[in-house]
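[1] here is a sequence together with a model predicted from it:
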Amino acid sequence: MKKEKLLEVEQLNIKFTTSIGDVNVSDNINFTLNKGETFCIVGESGCGKSVVALSLTRLLPENAVINGSVKFEGFTISDLDDKEFAKIRGQKIATIFEQPMSCINPVMRIGEQIAETYRANFKCSKKEAKLQALKKLEEVKLPANRYNAYPHELSGGMQQRVMIAIALACNPQLLIADEPTTSLDVTVQYQILELLQELKEKYHMTILMITHDMGVVHDMADRIGVMYAGNMMEIAERDAFFKQPLHPYAQELLNVVKDPCHYTIPGTVPNLMEIFSGCPFEPRCQKATEMCKTYKPENSVRDERMVRCLNVIPN
Amino acid sequence: MIKYIFRRLIYLIPVMIITSFIAYMLVYLSPSSPAQIILKARYTSEPTQEQVEDFNEEYGFDKPILVQYTSWLNKAMHGDLGKSLTDGSDVLEDFIYSFIASAKLYFSSQLLALLIALPIGVYSAFKANSLFDRFSRAYSLVGISLPDFWLGMVLVYIFSIMLNILPSFGYTSPKNLILPMLALGLSSSFSLIRLVRTSVLEVLHLNYIRTARSKGLGEGQIMMKHALRNAMIPIVTVLGIHLTHFIGGAVAIESMFAWPGLGNFFAKAASSQDIPVIQGFVLLSAIFFIIANLIIDIICKQLDPRIDFHNESGKNNG
């Protein structure tokens, strides 16, 4: 069965210009999302996962310089000007963020915030938007009488449900979920993930999920991308990945999950202001060779699998 | 809400008693006696011992201070604030007259300041670090450094002397209001521009603005519906604090334009030790401030639903 592509990202380079120099957070990243799948990007904090996700809808701060091509449904959206691009946000691609408390407007009733998304994208009466908002509240399993509540009157889990309702108000094709469960406790995390899964099936949505939690990846992902220091190190189907991760960094990540109390990957994530002459993971990699210090690995691809490592060839 | 307003109004009683008592004590502690000052003004010569004693007896100043105070308080509670020692006019009427004059000047100038500062500050924040923003920042910095009476002098020079289209002093016609209002309004607008710019800029970097963008809202909608309302909370709070200027802040402008406002009124009473006027003034000002602060708090509550009137710790961010 040939899979239909929804989003194609090619040669994505992102850097932040700061007063003390440039920070490179994305180095020639390529990946595609197939319609209806959940693609998870994993990696430690500070690897550029969220930046890549936010760059897709241009939600980065002004000092970000983005290069590369992003195609949505075969249409290059990276060339659109900001005004045209605003039409894609919310309607075609929606985003949910971590820390829902800070991401919803504290002085606006939650129902109005949901209705506003709908009205911003479809010309309709206030009444119609309110009906749609009530429908969305029901879908995220919040009682209708919470329509007039303010964000601070809700718990963290309920706030994230509101965030999801805002994002899904226009039934987008692609949902970008940037660490949606990070600030929530474990039982609420589970409920939120379950809700996302349910809504995904209902609306045949595609989800791009950013997380550092391998458990979430295992439960949610169809395919997985492993990011390290602005590089996409490995892309694989879920089952193949968990059976045998190929990249040494991916193997280390799984080692941590197997023994979370005792095992840590030696070293720390590098400062992204450095320019790497070799592989960025080389200083922490147990399988590194002399070659890794001088040569930058290229993407090697076979079938559905991609690895960026000099010592590994996908088979 | 109504319960809260009621409770706040109950606070009025102790505050009124305490402030008026302190004011009474301060007048009593000052080395010169009202009799000396007022009689000197009345007879244009040093009063005799006899005259001073007569005066003190007439106005009750020979009695112990606490007796004086309680009898004043008793009358005040029945709405009688006494008469001025200098010209015998009714204190309450005088106060109301000056209050209205002050209110005209203060509110029109603050409105002008807001009308100038809101668009400039918002646009500055919206286009932060643009040419416009740099210009408006420089402009407001220069403005803050200028005293309001200097601005008043310049305005008088331009509009009254050079162009001769506006009167430089007086109170009778609406035209009289224009120059003092411009002077005060312009000079408060400078700092207000900076305040608006910083508060809006601060809000624009918050996560919910990013959310608003991710929803597909246009920049104008984001500014009006999400940024401005949140940014107004600190602005209204500061405007509330600025209410103290209502009484003292405009003395220079009021005397320059011969505007019969509260600042002028109180300065005159204080220098002549006109005790009934000072007392009445302190009492009525306290009432005014408590009510004004209550109104500001209610506006803030309307802007920010997180403010909880039943919880004295204020904001509940949990």
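    Received, thanks. Residues are numbered from 1 along each chain as shown, chains lettered A, B, ... in the order given.
[2] pLDDT wise, what is residue A:231 at?
    For residue A:231, the model assigns a pLDDT of 91.
[3] so it touches residue A:30, yeah?
    No: applying Cβ atoms under 8 Å as the test, residue A:231 and residue A:30 come out as separate, 10.9 Å apart. For every residue, glycine as well, the C-beta is placed using N, CA and C.
[4] so those two - more neighbours on which side?
    A direct count of neighbours by other Cβ atoms under 10 Å in any protein chain shown for residue A:231 and residue A:30 places residue A:231 higher, at 26 against 18.
[5] distance check, that one against chain B.
    Using Cβ to the nearest Cβ, to the nearest Å, residue A:231 is found at 25 Å from chain B.
[6] give the contact list for that residue.
    Counting by Cβ atoms under 8 Å, 6 or more residues apart in numbering or on different chains, residue A:231 touches A:27-29, A:280, A:308.
[7] want to try CSV for the residues you listed, with neighbour count and distance to chain B as columns?
    Compiled in CSV, the contacts of residue A:231 are given as follows (neighbours: other Cβ atoms under 10 Å in any protein chain shown; distance: Cβ to the nearest Cβ, whole Å):
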residue, neighbour count, distance to chain B
A:27, 20, 24
A:28, 17, 26
A:29, 24, 21
A:280, 27, 28
A:308, 27, 30
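[8] so which of these sit within strands?
    A:27-29 (DSSP state E).
[9] how far is the lowest-mean-pLDDT helix or strand in chain B from where the chain is centred?
    One helix or strand of chain B scores below all others by mean pLDDT, DSSP states H and E: helix B:34-43, with a mean of 74. Chain-centre distance of helix B:34-43: 31 Å, with Cα atoms, centre = their mean, to the nearest Å.
[10] now do the buried residues in the helix or strand following it.
    As assigned by DSSP states H and E, the chain's next helix or strand after helix B:34-43 is helix B:49-59. Within helix B:49-59, the residues scored as buried using 16 or more other Cβ atoms under 10 Å in any protein chain shown are B:51-52, B:55, B:59.
[11] what does stretch B:239-255 give?
    B:239-240, B:242-243, B:245-247, B:249-255.
[12] now render those residues as JSON lines, adding distance to chain A and secondary structure.
    Output for these, formatted as JSON lines (distance: Cβ to the nearest Cβ, whole Å; DSSP: H, G, I helix; E, B strand; the rest coil):
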{"residue": "B:239", "distance to chain A": "18", "secondary structure": "helix"}
{"residue": "B:240", "distance to chain A": "18", "secondary structure": "helix"}
{"residue": "B:242", "distance to chain A": "23", "secondary structure": "helix"}
{"residue": "B:243", "distance to chain A": "23", "secondary structure": "helix"}
{"residue": "B:245", "distance to chain A": "28", "secondary structure": "helix"}
{"residue": "B:246", "distance to chain A": "28", "secondary structure": "helix"}
{"residue": "B:247", "distance to chain A": "32", "secondary structure": "coil"}
{"residue": "B:249", "distance to chain A": "30", "secondary structure": "coil"}
{"residue": "B:250", "distance to chain A": "33", "secondary structure": "coil"}
{"residue": "B:251", "distance to chain A": "38", "secondary structure": "helix"}
{"residue": "B:252", "distance to chain A": "38", "secondary structure": "helix"}
{"residue": "B:253", "distance to chain A": "36", "secondary structure": "helix"}
{"residue": "B:254", "distance to chain A": "38", "secondary structure": "helix"}
{"residue": "B:255", "distance to chain A": "42", "secondary structure": "helix"}
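[13] excluding its backbone neighbours, what's nearest residue A:73?
    Counting by Cβ to Cβ, 6 or more residues apart in numbering or on different chains, residue A:73 lies nearest to residue A:6, which is 6.4 Å off, once chain neighbours are set aside.
[14] element containing that neighbour, please.
    Assessed by DSSP H and E, residue A:6 sits inside strand A:5-18.
[15] check residue A:207 too.
    strand A:206-210.
[16] just checking: what are the partner strands of that strand?
    Its sheet considered, strand A:206-210 pairs with strand A:38-42 (parallel), strand A:174-178 (parallel) by DSSP bridges.
[17] now the element after the first one, going C-ward?
    Think strand A:38-42. Assigned by DSSP H and E, the successor of strand A:38-42 is helix A:49-56.
[18] cool, and the last one?
    Along the chain past strand A:174-178, the next helix or strand (assigned with DSSP H and E) turns out to be helix A:186-203.
[19] does chain B have contacts with that following helix?
    No: Helix A:186-203 stays clear of chain B (Cβ under 8 Å from any Cβ of the partner chain), getting no nearer than 15.8 Å.
[20] mind listing the helices for the chain?
    In the absence of a named chain, chain A is used. For chain A, applying DSSP state H gives helices covering A:49-56, A:82-88, A:100-103, A:110-121, A:126-139, A:156-168, A:186-203, A:214-220, A:238-243, A:248-258, A:290-294.
[21] that's the other chain; I wanted chain B
    Counting by DSSP H, the helices of chain B are B:2-29, B:34-43, B:49-59, B:65-77, B:91-126, B:131-145, B:148-155, B:175-204, B:207-214, B:219-221, B:228-241, B:251-256, B:262-271, B:275-303.
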